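**Student:** build me a structure from this.
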Amino acid sequence: MSWKTIIAGAVGGFLAALAVDVNAWSKSNDPFDWGLAVKRWVAGAIAGATGGFSAGYLPE
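**Tutor:** You can find the predicted model right below:
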């Protein structure tokens, strides 16, 4: 298990969720829902960190 891999996965997941939300918001006429967006960003970070954690167990 490498902390660098876990953190990189979390940052990657966060940035992916952020990009999706910003893209959806730019194409919408509705006001930006910050509460929902932050929940999605946290979920993306958790998903990315989980992927980074499990990557440490892959055979080399």
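**Student:** with only the CA atoms kept, save stretch 13-22 in CSV.
**Tutor:** C-alpha atoms of stretch 13-22 as CSV (Å, rounded to 0.1, in the frame of the first residue of the first chain):
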residue,chain,number,x,y,z
GLY,A,13,-11.5,11.1,-8.5
PHE,A,14,-12.2,14.5,-7.1
LEU,A,15,-11.0,16.3,-10.3
ALA,A,16,-13.1,13.9,-12.5
ALA,A,17,-16.2,14.6,-10.5
LEU,A,18,-15.4,18.3,-10.5
ALA,A,19,-15.0,18.4,-14.3
VAL,A,20,-18.3,16.5,-14.8
ASP,A,21,-20.2,18.9,-12.5
VAL,A,22,-18.7,22.0,-14.0
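**Student:** list the buried ones in it?
**Tutor:** Neighbour counts using 16 or more other Cβ atoms under 10 Å place G13, F14, A17, D21 of stretch 13-22 among the buried residues. C-betas here are computed from N, CA, C, even on glycine.
**Student:** wait, doesn't the last one sit right on R40?
**Tutor:** Yes. D21 lies in contact with R40 (Cβ atoms under 8 Å); the separation is 5.9 Å.
**Student:** among the buried residues of stretch 13-22, which pair sits farthest apart?
**Tutor:** Maximum pairwise distance in the buried residues of stretch 13-22, criterion Cβ to Cβ, is 12.7 Å, between G13 and D21.
**Student:** tell me the one of the buried residues of stretch 13-22 nearest T50?
**Tutor:** Ranked by distance to T50 (Cβ to Cβ), the buried residues of stretch 13-22 are led by G13 at 8.5 Å.
**Student:** for the top helix by length along the chain, packing partners?
**Tutor:** Ranked by residue count, the top helix of the chain under DSSP state H comes out as helix 3-26. Applying 3 or more Cβ pairs under 8 Å, 6 or more residues apart in numbering; DSSP states H and E, we find helix 3-26 packed against helix 34-55.
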